[in-house]
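Participant: Here's a sequence, model it:
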Amino acid sequence: MQNNSNLDESELVYGHHSVMELLKSPTANQRVNKVLVQKGLTSEHIGEVVKIAKRDRLIVQDVPKSKLDSITDGGNHQGMAAYIAPYKYAELEDIFKSAEAKGTDPFILILDKIEDPHNLGSILRTADAVGVDGIIIPKHRSSGLTSVVAKTSTGAIEHVPVVRVTNLVNTINDLKKRNVWIFGTAMEGDNYREWNAKGAIALVIGNEGKGVSPLVQKQVDQTLNIPMVGHVQSLNASVATGILLYQAYASRNA
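Facilitator: Numbers count the residues shown, from 1 in each chain. The predicted model follows:
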């Protein structure tokens, strides 16, 4: 097991679902530095976590509830947390390998400067639910894979490859060379309910406030629109992503 004495260089994951998904992941032995459980707290969930951690010879430490409250900033830790090495990003090729392993066409999500880690975590959760093969994010002005993202994703971060790239436009052009059709969102786009999402596709979701950047928008093959009749003509980024991903899922599995 990797034992990193400088825990300031580690990420923190807490809560039953997040810790369990972490411990069940194939890379747990390489990434988990220490598992913390609340002293004096006995529950089926605590026993399950301790059993798996000890089976895999991970360090398990009993700590007071006040310690868990402090390191999670009062979060709902459910009596458990784990320090882990920073999340490792995937390579673009891993996305295509994921699709090939499932025998399906690549289903890719591109996030153009999503800054809120809670949005990224929620998007990861939905992406896992609908079978997205991988997510592509830019290195700059974008949320990375943090403990907040991990917690919000409730374990999905362990199952959806995330690729971080220097230039989204260049990456989109690489995808096009591999016959991936690029979709984006725009007010004047086609109704999303008529979206044919079959084949190798990538969906671009823009920044929470500014939307898809102009240079990226120019690379999109087709734009989609989510009709709205209310007074507020915009949706939270993770909500819009969820609507579009489930439409894509329905189209691809019709």
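
Participant: For the residue nearest in space to the middle of the chain, list the residues it contacts.
Facilitator: Within the chain, one residue has its C-alpha closest to the average C-alpha position: by Cα atoms, centre = their mean, that is residue 124, at 3.0 Å. For residue 124, the contact set (Cβ atoms under 8 Å, 6 or more residues apart in numbering) comprises 135, 149, 152, 153, 156, 157, 160, 162. To be clear about C-beta, it is placed using only N, CA and C from the backbone, and glycine gets the same treatment.

Participant: which among those gets closest to residue 120?
Facilitator: Nearest to residue 120 among those is residue 149, at 5.0 Å by Cβ to Cβ.

Participant: any idea of the pLDDT on the closest one?
Facilitator: Per-residue confidence for residue 149 comes out at a pLDDT of 89.

Participant: Show me the shaky parts of the chain.
Facilitator: Counting by pLDDT under 70, the chain shows low-confidence ranges at 1-9, 229-234.

Participant: what does the lengthiest helix in it rub up against?
Facilitator: Across the chain, the longest stretch assigned as helix under DSSP state H is helix 237-252. Applying Cβ under 8 Å, 6+ apart, the contact partners of helix 237-252 are 104-105, 107, 109, 114, 116, 118-119, 122-123, 126-127, 130-132, 185, 192-193, 195-198, 201, 203, 205-208, 224, 226, 235.

Participant: Generate a PyMOL selection restricted to the buried subset of those.
Facilitator: Here is the PyMOL selection string for the buried members of the contacts of helix 237-252, based on 16 or more other Cβ atoms under 10 Å:
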select buried, resi 105+107+109+114+116+119+122+123+126+127+130+131+132+185+192+195+197+201+203+205+206+207+208+224+226
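
Participant: could you redo the contacts of residue 124 as TSV and give each row secondary structure and distance to residue 85?
Facilitator: Converted to TSV, the contacts of residue 124 look like this (DSSP: H, G, I helix; E, B strand; the rest coil; distance: Cβ to Cβ, whole Å):
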residue	secondary structure	distance to residue 85
135	strand	20
149	helix	15
152	helix	19
153	helix	17
156	helix	19
157	helix	13
160	coil	18
162	strand	15
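
Participant: ok, of the residues you listed, which one's closest to residue 15?
Facilitator: Distance ranking of the contacts of residue 124 against residue 15, using Cβ to Cβ, places residue 152 first at 10.1 Å.

Participant: Tell me which residues touch the closest one, please.
Facilitator: When contacts are counted by Cβ under 8 Å, 6+ apart, residue 152 is found next to 117, 118, 120, 121, 122, 124, 125.
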